[in-house]
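1. Output the structure for:
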Amino acid sequence: MFVVCAVAVPFLLMGLMLAMERVEQPLRVDQIGDDLVHFFETARPDEVETFVREGYGPALTRYWRRRRIASRLAPTRLASTRLTSRS
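-> I've put the predicted structure just below:
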């Protein structure tokens with residue numbers, strides 16, 4: 001009996017994971033639509049060109065990379081403007 005349970009549990013877990021994947025798929029599609037609206041509101045022309053040429057994935061990757069770089073540089077820019085304004 002123990003052997004049957006030990007063999008059946010991994011298959012049951014795999015079946016549950018596949019069922020949850022089917023449930024989650026429509027949820028991801030709706031989220032992509034919201035991301036796409038936000039992307040077009042704030043994207044630069046070159047990022048939109050990447051979207052047209054290569055698709056949504058690479059364009060969104062480029063967009064988020066720019067946002068990360070801008071957020072890292074923002075405190076530096078703010079500090080440098082404060083130093084120059086005091087002089």
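2. For this structure, just list every one of the helices.
-> Applying DSSP state H to the chain gives helices spanning 2-42, 45-54, 56-86.
3. helices or strands next to the shortest one in the packing?
-> Counting contacts by 3 or more C-beta pairs under 8 Å, 6 or more residues apart in numbering; DSSP states H and E, the secondary-structure elements packed against helix 45-54 are helix 2-42, helix 56-86. All C-beta spots, glycine's among them, are computed from the backbone N, C-alpha and C.
4. just how off-centre is the first one within its chain?
-> I take that to be helix 2-42. Relative to the chain's own centre, helix 2-42 is displaced by 16 Å; criterion: C-alpha atoms, centre = their mean, to the nearest Å.
5. For His38, give its distance to Leu60.
-> Distance, His38 to Leu60, by C-beta to C-beta, to the nearest Å: 10 Å.
6. Name the residue in these two with the higher neighbour count.
-> When neighbours are counted by other C-beta atoms under 10 Å, His38 and Leu60 differ, and Leu60 comes out ahead with 19 against 12.
7. still on that earlier bit, output the helices and strands packed on helix 45-54 in a markdown table, with distance to Val48 and mean pLDDT appended to each entry.
-> Formatted as a markdown table, the helices and strands packed on helix 45-54 follow (distance: least, C-beta to C-beta, whole Å; pLDDT from 0 to 100):
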| stretch | distance to Val48 | mean pLDDT |
| --- | --- | --- |
| helix 2-42 | 7 | 82 |
| helix 56-86 | 7 | 67 |
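8. tell me the most buried of these?
-> Comparing these by mean neighbour count (mean count of other C-beta atoms under 10 Å), helix 56-86 ranks first with a mean of 11.
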